[in-house]
Structures are given as structure tokens and as C-alpha cells.
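> From the sequence below, what's the structure:
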Amino acid sequence: MSTVVRSLLRNRNTNGHGRVTMVELFFDLVFVFAVTQLSHTLLAHLSLLGALQTLLLFLAVWWVWIYTSWCTNWLDPDTAPVRLLLFALMLGGLLLSSALPEAFGERGLLFAAAYAAMQVGRTLFMVVALRGVHPTLCRNFLRIAVWLMVSGALWIAGGLADGEARFAWWAGALLIEFFGPVAFFWVPGLGRSSIGDWDVDGGHLAERCGLFVIIALGESILVTGATFAGLPLDASHTAAFVIAFVGSVAMWWLYFDSGAERASHRIAHAADPGRQARMAYTYLHLLIVAGIIVCAVADEIVLMHPGHADNAGIAAILGGPALYLLGNALFKWTTNDRRTPPLSHLAGLVLLLATALAARPLHLSALALGGATTAILVLVAAWEWLALRRVARPAH
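Model (predicted):
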């Protein structure tokens, strides 16, 4: 029995991190659809209530993906049982994603049932895979299973409820899942986990999160191209298209030029990779991915209505880059030897705040605001690139 179970786990390579397999990338394709559904849901309900509901749904999507990524950090996706697990999770993810636009309507129970089944089912699979092979991790996943069963009951209760009650049930479920890692999944009789127990392959988890950022950026580009394809080829729409594309490039540059690689090297050589995995990748990447999704919504607003921006549009156009810069600043701060977040990113946030304050008095159009935010992102990316080159030059 132990030989069969042992084969479900990765063989850790001390000379490098575990590779991301094709079946993991195949699994991630479901979340291209999920991210698209989230951006379209926010665009269709661009209000405070709509933003809060979309935020709750986004957190659920992120949790189910990041928990799965933690699991495949230990599981070997080249084994048949693990592949079947990922295919089953893909099916659940498709059901969950298809229900997103109507999650607070008639498809609430479908969304909740798919989510709870994915979270609990995957965790119980981990308990079986680790039993007799890795007792410490097995107990950890037993604790996680208890937490997720409690939150799962709240998800189902919310799916059966309506209106504000549904939001309250689901918010409570997310709070349980959010604070689980903070409380080290303490369970009476089973104790609590410790950071030292989470012997993650830091390089693998860093690569997985980087790929999710690519998924989100790719969705943004898809929205830009699809929207522009149906618009007139005039000056304002063409300018909006170019601004959206340059903004996506700047966002890629800010994350992937140096930050992602430095963070991957840091966690791969850390004495406590579990601590960095929890903070930098489980929590702080929420801000980064949320920023990309809101930027995709903003790009569509600028493309569709370049000459006008209402309060909701202004919030999206400025809020997306702000979330993205804040997430990157905190991510780079926690994964590098910095006393403060990068000055370039802080300056960018100040410029975004100044633009927000000037938007209404100056009657700035959506196109002008989009151009301003893209210029700020380009400025921050160029500032950081030049600063890092100056730091590296003396070493040669």
C-alpha cells in the first residue's frame, strides 16, 4: 500500500525545482474562462454592490486555484490518479466558472456546490496520498479538511439562501478560509500546523503563480482585441487600443522583468519557504491578479466609451493600476532585502492618487484617464529598470 501511495508524490530534485507539467497547464486553462467571466461580471455590474460581489467571487476562484497549486507542489501530476484528480477539478472548475455571472442569482447553489466539492474533495485526496508516507503533512491536510468542511457548509447554506443572506453566508465562508492559514489550521484534538511543516518546493510554486499572472494578462489582451475588432477604425478608438496594449506590456514588465525571478530565487533558497509561500504567493498575489482583472474592465470601458467617464468608470480605470502597483510593491518588498517597498511603485501610487483627484475638476475623459494610467505604469517600469541597472553595474 505504501509503495502505491508513495508513487503519487513528486520526487524532490535538490538541484532545481520541480517542473510545471503539461497537465497542470491544461488544468489552468479553466481559469482563463474564470477570469474572463469575472471581468465580464464586473463590467455588467459596475457599482459598489457589483464590485463587492465580484470581489467575493474572485476570492473564491483564487482560493480554489492556489489551494490546488499547493497540492500539486507535493503531488506528481504524471501519475494517473493525480491526473484524474486534476481532470475532475477541471470539470468542477468549468461548472463553477459557468455559474459566475449568475452566482448571486439562479445559479448560486451550482456555484457553491462546485466550489465546496472541489475544496473538500481535493483535500481528502491529499490525506489519502500522504497517509503512511508523510505523517506530518497528512495531519496538516486533515486539519485543512476540517476547516474546509465547515466553510463548505456555509457555502451550501449561501447557495440555498437569497440576496443579502447569500452574500453574508459566503463572506463568512471566505473569512474561515482566509484565516485558516493565519491560525495554522488549528483543530481541537489535532493541534495546529507550523511553518516548518510546509516544506514546499518554492521554485515550483513561484512558477505556478507566475503562470496565473500570465493567464490574467492574456485575458486582458483577449478583451482588448475582441472589443477593438467590433469598433470603428477612428482616431479615438485606435488610440484607446494602443493605450490598452502598452498598458498590458508595462504590467508584464513590472512583474516579470526582475520581480518574479528574484522572488523565485529567494523562496527556492529560503530556510522557511512555507512562510514566504503563504504571504507572498497565497495572499499578496490576490492584489496583483485583482488589479489585472480590473484593468481589463477599464480597457473595455476606454475602448467602448473613450469620450466619457462616469464615477464607476473612473474608479475602474484608476483602481486597476493602483491594485496592481500596490500588489507588486508589497510582493517585491516581502521577497527582497528591502526596508521599504520600491520607491518607483510608491511614486506611481501617488501619481494615481493625484490623477484621481484631478479627474472630475478637469473633466478628464476615459481616453485621457487611460492614457494617464498607462503613462504612469510605463514610468514606474522604466524607473525600476534603470534603478536596477545602476545597482547591478558596479558588480561588473
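> switch to C-alpha atoms for all contacts and neighbour counts from now on
Fine.
> Which strands or helices does the host helix or strand of Val61 pack on?
Val61 belongs to helix 48-74 when elements are defined using DSSP states H and E. Applying 3 or more C-alpha pairs under 8 Å, 6 or more residues apart in numbering; DSSP states H and E, one finds that helix 48-74 contacts helix 22-44, helix 108-130, helix 163-182, helix 202-229, helix 284-304.
> what residues go with each domain of the chain?
The chain breaks down into these domains under automatic domain parsing: 2-197, 204-390.
> Buried residues, the helix holding Val61. List them.
Applying a neighbour-count criterion of 16 or more other C-alpha atoms under 10 Å, one finds 51, 53-54, 56-74 buried in helix 48-74.
> burial measure for Leu357, as a count.
As a burial measure, Leu357 scores 11 neighbours (other C-alpha atoms under 10 Å).
> doesn't it fall inside a helix?
Yes: counting by DSSP: H, G, I helix; E, B strand; the rest coil, Leu357 falls inside a helix.
> Show me the contact partners of stretch 143-159.
Applying C-alpha atoms under 8 Å, 6 or more residues apart in numbering, the external contacts of stretch 143-159 come out as 108-113, 115-117, 119-120, 123-124, 165-170, 172-174, 176-177, 180, 185-187, 190, 192.
> Apart from its neighbours in sequence, what residue is nearest Leu96?
Phe111 (4.9 Å; C-alpha to C-alpha, 6 or more residues apart in numbering).
> In contact with the one you found, which residues are there?
With C-alpha under 8 Å, 6+ apart, Phe111 has these contacts: Leu95, Leu96, Ser97, Ala99, Leu100, Ala103, Gly159.
> buried residues in the helix or strand containing Met149?
Using DSSP H and E, Met149 maps to helix 135-160. For helix 135-160, burial by neighbour count (16+ other C-alpha under 10 Å) applies to 136-159.
> Hmm, Arg139 is touching Leu190, no?
Yes: with contact defined as C-alpha atoms under 8 Å, Arg139 counts as touching Leu190 (7.4 Å).
> the bottom helix or strand of the chain by mean pLDDT?
helix 2-6 (a mean of 47; mean pLDDT, DSSP states H and E).
> Tell me the confidence at the closest residue to Trp186 other than its chain neighbours?
Leaving aside its chain neighbours, Trp186 sits nearest to Arg192 (4.1 Å; criterion: C-alpha to C-alpha, 6+ apart). The model reports Arg192 with a pLDDT of 90.
> can you tell me how far Arg192 sits from Tyr283?
To Tyr283, Arg192 is 20 Å away according to C-alpha to C-alpha, to the nearest Å.
> Leu91 now?
Distance from Leu91 to Tyr283, by C-alpha to C-alpha: 25 Å.
> still on that earlier bit, list the buried residues in the helix or strand just after the helix holding Val61.
Once the chain leaves helix 48-74, the next helix or strand it forms, by DSSP H and E, is helix 80-99. For helix 80-99, a neighbour-count test (16+ other C-alpha under 10 Å) marks 81-83, 85-99 as buried.
> can you list contacts of helix 80-99?
Against helix 80-99 from outside (C-alpha under 8 Å, 6+ apart): 8, 23-24, 27, 30-31, 33-34, 37, 75-77, 107-108, 110-112, 114-115, 117-118, 122.
> Can I get the buried ones among those residues as something I can paste into PyMOL?
Entered in PyMOL, the line below selects the buried ones among the contacts of helix 80-99, by 16+ other C-alpha under 10 Å:
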select buried, resi 8+24+27+30+31+33+34+37+75+76+77+107+108+110+111+112+114+115+117+118+122
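> Phe185 belongs to a helix?
No: Phe185: not assigned to a helix; according to three-state DSSP it is coil.
> Surely Ile314 touches Ala366?
Yes: between Ile314 and Ala366 there is a contact at 7.3 Å, judged by C-alpha under 8 Å.
> Out of the two, name the residue with the larger neighbour count.
Neighbour count, other C-alpha under 10 Å: between Ile314 and Ala366, Ala366 has more, with 26 against 22.
> Now for that one: which residues touch it?
Counting by C-alpha under 8 Å, 6+ apart, Ala366 has contacts Ile301, Val302, His305, Pro306, Gly307, His308, Ala309, Gly313, Ile314, Ile317.
> doesn't the fourth one fall inside a strand?
It stands for Pro306. No: using three-state DSSP, the assignment for Pro306 is coil, not a strand.
> Adjust the sequence numbering to begin at 890 for everything that follows.
New numbering, starting at 890: the last item is Pro1195.
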